[in-house]
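[1] My questions are about this predicted structure, shown below with the sequence.
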Amino acid sequence: MTNVIKQSGAYLEIVSFHLGEQEFCIDIMAIREIRGWAPVTPMPHTPRYVLGLINLRGAVIPVIDMACRLGMPMTEPSERSAIIVTDIKGKLVGLLVEQVSDMMSIKAEDLQPAPEIIPEAQRAFCRGIVALEKNMVCFLNLDTVIADELSMAA
Amino acid sequence: MKLSVSQRLWVSGVAAFIGIGSLVVVGWYSSNAVSSALEHSQVIDGIDRQVTDLRFANEELRLAAMDIIIDRAERQISADRKTMLEASIKLLKGGASVVSSFAKAEGLSVDASALSADVDLIVKAAGEQLPALVTGGAPEAEFDKIDDVIDSAGGRIQTVLDVVSTATGKAQQREISAAMDQVQQSAFVQLLIGVVAILLAGGLIAWQSSNVMKGLNAVRRSMNRIAEGDTATPVDGTARADEIGQIARVAETLRKATVEKERVEVAAHEARLNADRERSDNETERQRDEEEIRRCVTILAGGLARLAEGDLTQQIDDPFRADLERLRQDYNAAVTRLSTVIGNITDQSSSIHSSSVQIRMAADDLAKRTEQQAASLEETSSALEQITITMRGSTSKAEAAGTLVEGTKVQAEKSTTVVREAMQAMERIESASAEIGKIINVIDEIAFQTNLLALNAGVEAARAGEAGKGFAVVAQEVRELANRAATAAKDIKQLVARSSAEVQTGAELVTATGQALRDIGADVVKINEHMISIVSAAREQNAGLAEINTAIGQMDHVTQQNAAMVEQTNAACQTLNEDTTRLENVISQFRIKLGMPAQSQAERPSVHANTPIPPRAPVVSTGFKPAIAPAQPGQRPRSSPAQKLMGRLENAFGGAPAKSTLQSSGQRASAQASPSTDQWEEF
């Protein structure tokens, strides 16, 4: 559970997306592919945020509703919804987001840590806050998101 | 024997007729007998002539035969001899039968059949054998033989014919003598009958005429006696049955009538004598009566002369004779009665005078009113004319409006079609918008996919590190393009959605327009109906106006008649006034006793000179109103043309809104409320 922010490069490549009214972003290196929404096959006895399985070129991968996983209301999947296929610790996981909004590179210094008054367990989801001109974007810690899921699934 | 004169004459005539008739019959019979005897003798004469011809023919034949025999050396027969021969043969053949039949009828001793045989023989010898011998050049002996035959036969024929000739002469003689005998006999018979008839007829005529003359003489003697005055003796011969008896009976009647007349004349003479006597007795008494009557007449004449002078005050007081007393009383009563009547006439004439003055004033008033009425009528007429012109104009305008409305209706129907087409165009636009939307969706989808691809490309470029830097820029550019395309598609979608909404609104508006146009069309139809109603109503009004015009013309005519009548009335009033004055003058010639019901002219009020004119209103109220105002029961007043017109207009607007009905009914109510308009005659 290393919550180390990479300081190697001067820039971070991120992909931001919308969940409801909020905007989040993830590290681009974790992304394998971005694809449009396709119906999923539900799985029994899975948490509410695990929507089901999809077939990605022969590989069966789970799809997680990120909004639900982050404690927000369930996303209503539409044609404009997107599934971000990520590679987390060698495991492919599909994240359902409302809309992929942007792809940008930020300076590493712009990534500020989350305030410490938020409890540890909750802070673990967030690697930092990117403050942009108009709004602020939460840089998600995918390892936490998926690790919990995997552990809970186990 | 009781025969009338005509019957006696008939008896004599019939006797003479029978005599003459028997003479005629005997004469006719004898003449018949004589003529038949003569005819018979003529027949015998014809036979005699034929026998003579035969004799000649026989001789000629024999001579010709001999000549032929003598000239036999020529060996032919000359033509004339041959002709003679043939003629003789023909005669002999025809006559033989006649002669033989006559001989048979007369019963002669000659043999008729022998004659026929001889004729045949001679004919054969002379006609056939002889020519044959001559031509054949026969020997002498043959000729001698045939000569003997011809000679012997001819001699026999000659003998027979001689006998027959003698017989015919005898028969002729016998017939003539028989006819002579018949003539003599008939002459004797006729003589005998004639003598008997003359004797019979003469006897009868003499007997009958003596009978008739005897009767006539008796009557003549009796008539002579009556003419001489002897009417006592009765007429003879009245018992006869014939016409003389009738004459005698008439004469007897005449005699009796004469006797009766004489008796009546004597009686009348006696009566005349008696009457003369009585007349002379009455003469003296009558003279006394005349004296008395003359006195009464004188008195009465005096009274009547006074009466003639107009004096009605005198009475006859001196009593008359008893039977004339009635006359005096009647005279007195007549005078009294006359004076009473004259007094009454005087009163009445003054009353008439005042009445005539009133009538004249009333007539003047009437004349003025009539003039006013005429003027009002003229105004009404001109106003009506104006109304008629206006009405005509409004009728034509209403008709024009009807035509316009018709056009509008057509236009409205056309616009309905236009609206339908507009609707269809809108629908087409809408479908086109839907198509556009679909295309936009495809574009949007493409943009989304492009975005995804660009994202993926960016991810790959990032993962490539330094090497993918340039690619990442390209991917970013592509991403932005895709975003712009998506934004544009979104904008177009919004625009299309807006235009679709606009089209929807437009379609609704067009639909509303179509509905409005349909409503307008229906309204136009209604307007057209109203227009037709208006036009027909206007026509009805025209007809009504024409009727009103006619009525006004009649009223004008009547008014003029009224005016003429009023003038006549005025003249009549004038004449009445003058007549009344003259009557009063006439009456004033009579003198009347005071105390009678009559008054003198001086005493009664003078009406005709300066009578105060009574006020107009009473004259009108008493003179005019009662003549018209009292409604005659059972007689409806004539309805006015104006009211008829109103009724027709109501009918024309039968389906009109209730407001107009109310209005018209209100008008009708007001019309009924005022009797002056309801009673046309009073108008």
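    Sure thing, it's come through.
[2] which bits of the stretch 301-450 of chain B sit near chain A?
    Within the stretch 301-450 of chain B, the positions near chain A by Cβ under 8 Å from any Cβ of the partner chain are B:445, B:448, B:449. (Glycine included, C-beta is placed from N, CA and C.)
[3] and the residues you listed, which are buried?
    Neighbour-count burial (16 or more other Cβ atoms under 10 Å in any protein chain shown) applied to those gives residue B:448.
[4] nearest to residue B:48, of the residues of the stretch 301-450 of chain B next to chain A?
    Nearest to residue B:48 out of those is residue B:445 (Cβ to Cβ; 181.2 Å).
[5] Now do the same contact list for that closest one.
    residue A:79 (Cβ atoms under 8 Å, 6 or more residues apart in numbering or on different chains).
[6] Distance check, it against residue A:97.
    Residue B:445 is 18 Å from residue A:97, where distance means Cβ to Cβ, to the nearest Å.
[7] Please apply the same query to residue B:434.
    Residue B:434 sits 31 Å away from residue A:97, going by Cβ to Cβ.
[8] all helices for chain A, in order.
    A:66-69, A:120-123, A:142-153 (DSSP state H).
[9] Repeat that for the stretch 351-500 of chain B.
    B:469-587 (DSSP state H, counting those that start in this stretch).
[10] So which residues of it form strands?
    Counting by DSSP state E, counting those that start in this stretch, one finds no strands in the stretch 351-500 of chain B.
[11] Could you do chain A as well?
    When secondary structure is read from DSSP state E, chain A shows strands at A:11-19, A:22-27, A:31-36, A:50-56, A:59-65, A:82-88, A:91-97, A:99-107, A:111-112, A:126-131, A:136-140.
[12] anything in the fifth one near chain B?
    No. Judged by Cβ under 8 Å from any Cβ, strand A:59-65 makes no contact with chain B; its nearest approach is 16.0 Å.
[13] Next, the angle strand A:31-36 makes with that strand.
    Orientation check (axes from the mean of the first three to the mean of the last three Cα atoms, to 10 degrees): strand A:59-65 against strand A:31-36 gives 70 degrees.
[14] For chain A, give me the ranges with low pLDDT.
    Counting by pLDDT under 70, the ranges of chain A that qualify are A:1-9, A:147-154.
[15] got the residues of it near chain B?
    Counting by Cβ under 8 Å from any Cβ, the residues of chain A near chain B are A:13, A:15, A:28-29, A:31-36, A:79-80, A:82, A:100, A:103.
[16] switch to 10 Å and redo it
    A:9, A:13-15, A:17, A:27-36, A:79-80, A:82-85, A:99-105 (Cβ under 10 Å from any Cβ of the partner chain).
[17] What's the PyMOL line that selects buried ones from these?
    Command for PyMOL, covering only those of the residues of chain A next to chain B found buried under the criterion 16+ other Cβ under 10 Å:
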select buried, chain A and resi 13+14+15+17+27+28+29+30+31+32+33+34+35+82+83+84+85+100+101+102+103+104
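[18] any idea which element the closest residue to residue B:179 other than its chain neighbours lies in?
    Nearest residue to residue B:179, sequence neighbours excluded (Cβ to Cβ, 6 or more residues apart in numbering or on different chains): residue B:37, at 3.8 Å. Assigned by DSSP states H and E, residue B:37 belongs to helix B:5-70.
[19] Packing partners of that helix?
    With contacts taken as 3 or more Cβ pairs under 10 Å, 6 or more residues apart in numbering or on different chains; DSSP states H and E, helix B:5-70 sits against helix B:79-106, helix B:112-124, helix B:130-136, helix B:140-227, helix B:243-309.
[20] what do you get if the cut-off is 7 Å, keeping everything else the same?
    Where contact means 3 or more Cβ pairs under 7 Å, 6 or more residues apart in numbering or on different chains; DSSP states H and E, helix B:5-70 is packed against helix B:79-106, helix B:130-136, helix B:140-227.
[21] is it possible to export those to TSV including mean pLDDT and mean neighbour count?
    TSV is the format used below for the helices and strands packed on helix B:5-70 (pLDDT from 0 to 100; neighbours: other Cβ atoms under 10 Å in any protein chain shown):
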stretch	mean pLDDT	mean neighbour count
helix B:79-106	80	16
helix B:130-136	79	16
helix B:140-227	86	15
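[22] would you turn the ones you listed into CSV with distance to residue B:249?
    CSV is the format used below for those (distance: least, Cβ to Cβ, whole Å):
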stretch, distance to residue B:249
helix B:79-106, 78
helix B:130-136, 109
helix B:140-227, 10
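[23] so what are the domain limits for chain B?
    Domain assignment for chain B by automatic domain parsing gives B:5-223, B:325-586+B:616-628, B:636-683.
[24] who has more neighbours, residue B:434 and residue A:97?
    Taking other Cβ atoms under 10 Å in any protein chain shown, residue B:434 and residue A:97 do not tie; residue A:97 has more neighbours (23 against 12).
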